[in-house]
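Asker: sequence and computational prediction follow.
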Amino acid sequence: MNFKKIMSVAVSSLLAASMLVGCSTSAAATTTATSTGSASTKDVSFDKIKVAVVLNSTAEVNMVAENYLNNVISPLLNIDFMFSEVVSDASALTAFIENAYAAGCVGVINTAGSNVQAAQAANDLGMYVVNNSTKYEEDVKALPYYLSNTGTSATLNSEAYSQALDETLKSGEKHNVLVLTGAASLGSTSMVEAAKGILNGLKDKYSLTYSKDVAELAVVDAQTDVETGTDMKVTIFPGVPRGADYASAVSSILQTGTYDVVISTISAYSYLSVAMDEVEKAKNMDIKFITQDNISDSMTTAFNSKDATGDSIVNAIVCSSMSEQWTFGAIQIRNAMDGFADAMRPDGNAGKILVRPFPVSSAETYNSLASNTVPASFMTEDEILNLCDKVNGDATSQTLSDYAGNLTIENILKKFSK
């Protein structure tokens, strides 16, 4: 599917969407999927179903994923999607799930946290639920309608950050580093591991000796100057963006002119690009920027534009596609509604589908991933169909997990190379 076509849907119209936004309302009862992959001889008809998606923000990465579900997954798997407004508290989450049930939804992809509550609320209504989160909820894993947690592999996230740091800071010259740990202090597993990967990467690369254990430093809940045993400065700034205060606080730190590297465990470009540009111009300095992010229009611009010093605005991202994660959620709900719920729940419990994040450390590599030939999910339509049990009756939670783990940057670029 053409990525640029997906991106062409106006983001502004999505931002104006109301609480219950659905996609195609075709009256057709079924859609026929013909795969040209391993199931090439099978023509499969999917009954139409409706799935709710709980949004945690209107960030561009979510808008890309929303477009992808509506434009690719909806016709491919015969799923109508209903998207919420931004849900920021537990009561709004429950209210949306109840409204979605009343509107005919049979499943929920929840991106807004409150995973236990989402699982319980959906289960009480007989709706299948996938939590888009790394954190696995042991307390409710046995609920029969709780299919899985689908998120970023925490361990691989740590490795990806360490690699992105190493590939970006190649010269061996020492730097002063500001580490933005996001929700690590609030218990976000993927961000804790990302912060540990950053701190361990700096420690190994520059032979630093921390006075505290990395696991302790990764979850500090206040701005912390790390004792490094050298004259190299490493400062941790925790927290997630909430309005202008976050950017203002980070900007104040950068305006000291001390830090020439910023590494973020959250998607921070949209919040910090202006502040970083102002500091680079005022201080005549180059700030290397590594952040979590996805393939998007704004990131394409960032990789292919130069800052005041002639360097790329963004030097590297750790990429874990939201389109990919939401697609796995849609596949699981599709399979459950087609009678294969047990295959999605190993040993009678909610499964874990952990996608592989990977570092993208050059404009050339980024542009290859953002090309016309690479879908936003990094998956072909045939591959998606062959993860559906009506096409491939052997698909299980482990099948999906193994497939997700094999979506390396090398395999993606090889698969879609011209």
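Answerer: On my side now, so go ahead. It should be emphasised that the depicted structure is a prediction, and the values quoted were computed from it without experimental measurement. Numbering: from 1, shown residues only.

Asker: so where's the stretch 151-300 of the chain shaky on pLDDT?
Answerer: Counting by pLDDT under 70, the stretch 151-300 of the chain shows no low-confidence range.

Asker: can you give me the strands for it?
Answerer: 177-182, 224-226, 234-238, 261-264, 288-293 (DSSP state E, counting those that start in this stretch).

Asker: residue 132 is nearest to which of those strands?
Answerer: With CB to CB, the closest approach to residue 132 among the strands of the stretch 151-300 of the chain belongs to strand 288-293: 14.7 Å. Bear in mind the C-beta positions are built from the backbone N, C-alpha and C, glycine included.

Asker: off-centre distance for that closest one?
Answerer: 14 Å (CA atoms, centre = their mean, to the nearest Å).

Asker: on contacts alone, who are the packing partners of it?
Answerer: Other helices and strands packing on strand 288-293, by 3 or more CB pairs under 8 Å, 6 or more residues apart in numbering; DSSP states H and E, are helix 154-168, strand 261-264, helix 269-283, strand 316-319.

Asker: quick check: which of these is buried the most?
Answerer: strand 316-319 (a mean of 28; mean count of other CB atoms under 10 Å).

Asker: re earlier: of the helices and strands packed on strand 288-293, which is nearest residue 356?
Answerer: With CB to CB, the closest approach to residue 356 among these belongs to helix 154-168: 5.3 Å.

Asker: what's that closest one in contact with?
Answerer: Helix 154-168 is contacted by residues 134, 189-190, 192-194, 196-198, 200-202, 204-205, 263, 265, 288, 290, 315-318, 320, 354, 356-361 when judged by CB atoms under 8 Å, 6 or more residues apart in numbering.

Asker: stretch 92-111: end-to-end distance?
Answerer: Length of stretch 92-111, first residue to last, CA to CA, to the nearest Å: 13 Å.

Asker: give me phi/psi at the residue most central in space within the chain?
Answerer: The chain has residue 322 as the residue nearest its centroid, 4.0 Å off, counting by CA atoms, centre = their mean. Dihedral angles of residue 322 (phi, psi; degrees, to the nearest 10) stand at phi -70, psi -30.

Asker: all helices for the stretch 101-250 of the chain, in order.
Answerer: 115-124, 154-168, 189-206, 214-217, 244-254 (DSSP state H, counting those that start in this stretch).

Asker: quick check: angle from the last one to helix 269-283?
Answerer: Spelled out, that is helix 244-254. Helix 244-254 and helix 269-283 meet at an angle of 30 degrees, taking axes from the mean of the first three to the mean of the last three CA atoms, to 10 degrees as the criterion.

Asker: residues in contact with helix 244-254: which ones?
Answerer: So helix 244-254 is contacted by 178, 180, 223, 235, 237, 239-241, 259, 262, 271-272, 274-276, 278-279, 287 (CB under 8 Å, 6+ apart).

Asker: need phi/psi at the nearest residue to residue 322 once chain neighbours are set aside.
Answerer: What sits nearest to residue 322 in space, not counting adjacent residues and going by CB to CB, 6 or more residues apart in numbering, is residue 65, at 4.0 Å. Dihedral angles phi and psi of residue 65 (degrees, to the nearest 10) take the values phi -70, psi -40.

Asker: and residue 113, by the same measure?
Answerer: Backbone torsions of residue 113, given as degrees, to the nearest 10, read phi 80, psi -160.

Asker: please tell me how far it sits from residue 87.
Answerer: 9 Å (CB to CB, to the nearest Å).

Asker: also residue 308?
Answerer: 39 Å.

Asker: likewise for residue 385?
Answerer: 31 Å.

Asker: kindly report the same for residue 388.
Answerer: 28 Å.

Asker: count of neighbours near residue 54?
Answerer: 27 (other CB atoms under 10 Å).

Asker: checking it next. Helix, strand or coil?
Answerer: For residue 54, the assignment made with DSSP: H, G, I helix; E, B strand; the rest coil gives strand.

Asker: quick check, it in contact with residue 96.
Answerer: Yes: with contact defined as CB atoms under 8 Å, residue 54 counts as touching residue 96 (5.9 Å).

Asker: who touches both of the two?
Answerer: Counting by CB under 8 Å, 6+ apart, the common neighbours of residue 54 and residue 96 are 84, 87.

Asker: could you dump the helices and strands packed on strand 288-293 to TSV with distance to residue 350?
Answerer: TSV is the format used below for the helices and strands packed on strand 288-293 (distance: least, CB to CB, whole Å):
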stretch	distance to residue 350
helix 154-168	17
strand 261-264	30
helix 269-283	32
strand 316-319	26
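
Asker: out of these, which comes closest to residue 92?
Answerer: Nearest of the helices and strands packed on strand 288-293 (CB to CB): helix 269-283, 23.1 Å.

Asker: against which helices or strands is that closest one packed?
Answerer: Using 3+ CB pairs under 8 Å, 6+ apart, helix 269-283 is in contact with helix 244-254, strand 261-264, strand 288-293, helix 297-303.

Asker: next, the angle strand 288-293 makes with that helix.
Answerer: Going by the same axes, to 10 degrees, helix 269-283 makes 170 degrees with strand 288-293.

Asker: then helix 269-283 to PDB, C-alphas only?
Answerer: What follows is helix 269-283 as a C-alpha-only set of coordinates in PDB (Å, rounded to 0.1, in the frame of the first residue of the first chain):
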ATOM      1  CA  TYR A 269      10.400  16.300  18.400                       C
ATOM      2  CA  SER A 270       7.100  18.200  18.100                       C
ATOM      3  CA  TYR A 271       7.500  19.600  21.600                       C
ATOM      4  CA  LEU A 272      11.200  20.500  21.500                       C
ATOM      5  CA  SER A 273      12.100  21.300  17.900                       C
ATOM      6  CA  VAL A 274      11.500  25.100  18.200                       C
ATOM      7  CA  ALA A 275      13.300  25.300  21.600                       C
ATOM      8  CA  MET A 276      16.300  23.400  20.300                       C
ATOM      9  CA  ASP A 277      16.500  25.500  17.200                       C
ATOM     10  CA  GLU A 278      16.500  28.700  19.300                       C
ATOM     11  CA  VAL A 279      19.300  27.500  21.500                       C
ATOM     12  CA  GLU A 280      21.400  26.300  18.500                       C
ATOM     13  CA  LYS A 281      21.100  29.700  16.900                       C
ATOM     14  CA  ALA A 282      21.700  31.700  20.100                       C
ATOM     15  CA  LYS A 283      24.600  29.600  21.200                       C
END
